[in-house]
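*Asks:* sharing a model prediction with you, sequence too.
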Number of protein chains: 2
Amino acid sequence: MCELLGMSANVPTDICFSFKGLKERGGRTGPHKDGWGVAFYDNKGVCTFKDALPSYQSEIARLVSDYPIKSCAVVAHVRQANRGRVALENTHPFTRELWGRYWTYAHNGQLNGYSKLAVDRFTPVGTTDSERAFCYLLSELARRYPNKAPSRKTAFKFIQRQCRILQKLGVFNMMLTDGEYLLTYCTTKLYWITRRAPFGIARLSDVDVDIDFTKETTPNDVVTIIATEPLTNNEQWHKMQTGESQLFYYGEPLS
Amino acid sequence: MCELLGMSANVPTDICFSFKGLKERGGRTGPHKDGWGVAFYDNKGVCTFKDALPSYQSEIARLVSDYPIKSCAVVAHVRQANRGRVALENTHPFTRELWGRYWTYAHNGQLNGYSKLAVDRFTPVGTTDSERAFCYLLSELARRYPNKAPSRKTAFKFIQRQCRILQKLGVFNMMLTDGEYLLTYCTTKLYWITRRAPFGIARLSDVDVDIDFTKETTPNDVVTIIATEPLTNNEQWHKMQTGESQLFYYGEPLS
């Protein structure tokens, strides 16, 4: 299995604090040693760091955890390979362009019969069930709206419904973003927390690090963090239920 | 204008030496201060580092120039903006997936009337002439072979012919790779050099650094470097002519 980490925020925010926790799970406090990756959006652009090495040993992961890259939408992943060998092309997150937007996705879980998922417009490069499911979701979306892009909210709602089909194939916890919206889908394990004023102090579970958010934020900041397991041990995280999905827009959970 | 740097090699090779030279041109020895990027292939996977900051000041560029990432196909770029504002989404190289392969491209030059270039399957995310031309090339390729992917050599030969159409719109120096093949096209300025045994010592033009390749290589290594301007001042680089293109395969120039 793997671990997911995501962020949706209304102001460009760095993810150094949370990533420090996740990075340790990539081979030290957790068994997810088969590669890692993180995608940062800056408006419509996206920059993705990835590596087939364990994150806790990776020079690139060290840079990402120390150097504050500010973003309103982040998707990160540490991998424990099940379907597909350890290789860069099998390392999450995955990105494709559709309708002049980059869509970025990461998955935690395991799917059966995934090779039968119809893909046409988008084709997997690697051999994971995860990337195949992603190409399926975007191929379905493009097929549903062949002539004109729908509103992005409509597009995400459509994907949300398709996730129910994937859920039938196994474990499908995932995050998908276009840099503004961020969709989560849970079948077994996914937590999120929205931090806003008044901010407090948070303490990481995986390393002895805490942060005083009052010093790092302004009163209007809204920052949601999504993770497979809560990353802090002194805050209340929202546990998602099987089949539950949640769409965020610049940090705010949408109903 | 901008500067390009590419590598095609028959064994995974790092580009630290050449990138050290290019990085300086991104704001110090050259005016290309409007962002930079570099894509490294590892088999079918690709990892792209990019940043809208000047490369000579970028923390991420420093990592890339110090930390040996080994690859058989690299495309790098430092940008001096002309069409399209300074922004991550306008930063080269650009990547799209087609037929289960990642195609990565960078451009140096300036095109007129580029908004009329027909794009359908692939759409620009940013506002540069460069990305539009890339989406045009891949859209044409997908349109030419709607049912079945041709051999990749055939695909590259097709793109080579399409480049002649783009040349009519202005200055079009470019590199395009799928991780195995690397295509170059020149209208004004592009140089390449193939290094193979017996290897010697190379000296960078932009910083006081030299390297003894005999210590870094094995006798069977074949490594081609492509650049807008020669990066070393003690070697003979091949200067490409207007309208000339060259396809490389794992380091070897193909006829």
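*Replies:* Sure, I can see it. This is a predicted model, so every value here is computed, not measured.
*Asks:* quick one: is the worst-scoring helix or strand of chain A on mean pLDDT near chain B?
*Replies:* Here the helix or strand of chain A ranked lowest by mean pLDDT, DSSP states H and E is helix A:16-25, holding a mean of 86. No - figure legend: helix A:16-25 not in contact with chain B (C-beta under 8 Å from any C-beta of the partner chain); closest approach 12.6 Å. (Each C-beta comes from the backbone N, C-alpha and C, glycine too.)
*Asks:* name the helices or strands packed onto that helix?
*Replies:* strand A:3-13, strand A:36-42, helix A:59-66, strand A:71-78, strand A:223-227 (3 or more C-beta pairs under 8 Å, 6 or more residues apart in numbering or on different chains; DSSP states H and E).
*Asks:* contact residues of the stretch 101-250 of chain A facing chain B?
*Replies:* Near chain B, when you scan the stretch 101-250 of chain A using C-beta under 8 Å from any C-beta, you find A:101-102, A:121-126.
*Asks:* closest to chain B among the residues you listed?
*Replies:* Closest to chain B out of these is A:Thr123 (4.0 Å), distances taken as C-beta to the nearest C-beta.
*Asks:* shouldn't A:Arg164 be in contact with A:Gly243?
*Replies:* Yes - with contacts counted by C-beta atoms under 8 Å, A:Arg164 reaches A:Gly243, the gap being 7.0 Å.
*Asks:* on that earlier part again, got the angle for the least confident helix or strand of chain A vs strand A:223-227?
*Replies:* If you take axes from the mean of the first three to the mean of the last three C-alpha atoms, to 10 degrees, helix A:16-25 sits at 10 degrees to strand A:223-227.
*Asks:* can you list contacts of helix A:16-25?
*Replies:* A:3, A:5, A:7, A:30, A:32, A:36, A:38, A:55-56, A:61, A:64-68, A:76, A:78, A:202, A:204-207, A:209, A:211, A:225, A:227, A:231-232 (C-beta atoms under 8 Å, 6 or more residues apart in numbering or on different chains).
*Asks:* at 6 Å instead, please
*Replies:* Contacting residues not belonging to helix A:16-25 are listed as A:3, A:5, A:32, A:55-56, A:61, A:64-65, A:68, A:78, A:204, A:206-207, A:209, A:211, A:225, A:231 [C-beta atoms under 6 Å, 6 or more residues apart in numbering or on different chains].
*Asks:* quick one: it to strand A:71-78, angle?
*Replies:* Using the same axes, to 10 degrees: helix A:16-25 against strand A:71-78 is 10 degrees.
*Asks:* can you pull out the helices in the stretch 101-250 of chain A?
*Replies:* Assigned by DSSP state H, counting those that start in this stretch, the helices in the stretch 101-250 of chain A fall at A:129-144, A:152-167.
*Asks:* dump these to CSV, plus mean pLDDT.
*Replies:* Formatted as CSV, these follow (pLDDT from 0 to 100):
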stretch, mean pLDDT
helix A:129-144, 98
helix A:152-167, 96
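*Asks:* where does chain A dip in pLDDT?
*Replies:* By pLDDT under 70, the weakly predicted segments of chain A are A:1.
*Asks:* can you do 80?
*Replies:* A:1, A:26-27 (pLDDT under 80).
*Asks:* now do the residue of it most remote from its centre against B:Leu111, distance only.
*Replies:* Centroid-distance maximum for chain A: A:Asn147 at 28.8 Å, with C-alpha atoms, centre = their mean. Here the criterion is C-beta to C-beta, to the nearest Å. By it, A:Asn147 lies 28 Å from B:Leu111.
*Asks:* out of the residues of the stretch 101-250 of chain A next to chain B, list just those in strands.
*Replies:* Assigned to strands by DSSP state E, the following of these qualify: A:101-102.
*Asks:* turn the residues of the stretch 101-250 of chain A next to chain B into a markdown table, including neighbour count.
*Replies:* Formatted as a markdown table, those follow (neighbours: other C-beta atoms under 10 Å in any protein chain shown):
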| residue | neighbour count |
| --- | --- |
| A:Arg101 | 19 |
| A:Tyr102 | 20 |
| A:Arg121 | 17 |
| A:Phe122 | 25 |
| A:Thr123 | 17 |
| A:Pro124 | 25 |
| A:Val125 | 22 |
| A:Gly126 | 21 |
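*Asks:* among the residues of the stretch 101-250 of chain A next to chain B, which two are most distant?
*Replies:* For those, the farthest-apart pair by C-beta to C-beta is A:Arg101 and A:Gly126; their separation is 22.1 Å.
*Asks:* next, count neighbours for A:Ser71.
*Replies:* A count of nearby residues for A:Ser71, using other C-beta atoms under 10 Å in any protein chain shown, gives 24.
*Asks:* check A:Asp208 too.
*Replies:* A:Asp208: 6 neighbours (other C-beta under 10 Å).
*Asks:* now the one 5 residues further on
*Replies:* The number of residues packed around A:Phe213, counting by other C-beta under 10 Å, is 17.
*Asks:* surely it and A:Phe199 touch.
*Replies:* Yes - with contacts counted by C-beta atoms under 6 Å, A:Phe213 reaches A:Phe199, the gap being 3.7 Å.
*Asks:* thinking again about what came up before, got JSON lines for the helices of the stretch 101-250 of chain A, with distance to A:Asn43 and mean neighbour count too?
*Replies:* Supplementary listing: the helices of the stretch 101-250 of chain A in JSON lines, determined by distance: least, C-beta to C-beta, whole Å; neighbours: other C-beta atoms under 10 Å in any protein chain shown:
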{"stretch": "helix A:129-144", "distance to A:Asn43": "21", "mean neighbour count": "23"}
{"stretch": "helix A:152-167", "distance to A:Asn43": "14", "mean neighbour count": "17"}
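*Asks:* make JSON lines from those and add distance to A:Tyr249 to it.
*Replies:* Below are these laid out as JSON lines (distance: least, C-beta to C-beta, whole Å):
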{"stretch": "helix A:129-144", "distance to A:Tyr249": "18"}
{"stretch": "helix A:152-167", "distance to A:Tyr249": "8"}
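*Asks:* can you say which of these is nearest to A:Trp237?
*Replies:* Between the helices of the stretch 101-250 of chain A, helix A:152-167 lies closest to A:Trp237; by C-beta to C-beta that is 21.2 Å.
*Asks:* ok and the closest one relative to helix A:129-144, angle-wise?
*Replies:* 130 degrees.
*Asks:* who's the residue nearest in space to the middle of chain A bridged to?
*Replies:* Among the residues of chain A, the one closest to the centroid is A:Val75, at 3.5 Å (C-alpha atoms, centre = their mean). For A:Val75, the beta-bridge partners are A:Gly6, A:Ala39 (DSSP bridges).
*Asks:* surely it and A:Gly6 touch.
*Replies:* Yes - in this structure, A:Val75 is within contact of A:Gly6 by C-beta under 6 Å, at 5.2 Å.
*Asks:* who touches both of these two?
*Replies:* If you check A:Val75 and A:Gly6 against C-beta under 6 Å, 6+ apart, the residues they both contact are A:Met175.
*Asks:* what's the closest non-adjacent residue to A:Ala202?
*Replies:* A:Thr232 (4.5 Å; C-beta to C-beta, 6 or more residues apart in numbering or on different chains).
*Asks:* quick one: A:Thr188 and A:Gly170 touch, right?
*Replies:* No - using C-beta under 6 Å as the test, A:Thr188 is too far from A:Gly170 to be in contact (9.7 Å).
*Asks:* which strand residues bridge A:Pro174?
*Replies:* Actually, residue A:174 is Met rather than Pro. A:His107, A:Tyr185.
*Asks:* how far off strand A:3-13 does the least confident helix or strand of chain A point, in degrees?
*Replies:* Using the same axes, to 10 degrees: helix A:16-25 against strand A:3-13 is 160 degrees.
*Asks:* quick one: distance of helix A:16-25 to the chain centre.
*Replies:* Distance of helix A:16-25 from the chain centroid (C-alpha atoms, centre = their mean, to the nearest Å) equals 14 Å.
*Asks:* could I get it in CSV with only the CA atoms?
*Replies:* Extracted as CSV, the C-alpha positions of helix A:16-25 are listed here (Å, rounded to 0.1, in the frame of the first residue of the first chain):
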residue,chain,number,x,y,z
CYS,A,16,7.5,21.5,4.4
PHE,A,17,6.0,20.7,7.8
SER,A,18,3.6,18.0,6.6
PHE,A,19,6.1,16.6,4.1
LYS,A,20,8.7,16.1,6.8
GLY,A,21,6.2,13.7,8.4
LEU,A,22,5.4,11.9,5.2
LYS,A,23,9.0,11.6,4.1
GLU,A,24,9.8,9.5,7.2
ARG,A,25,7.1,7.1,6.4
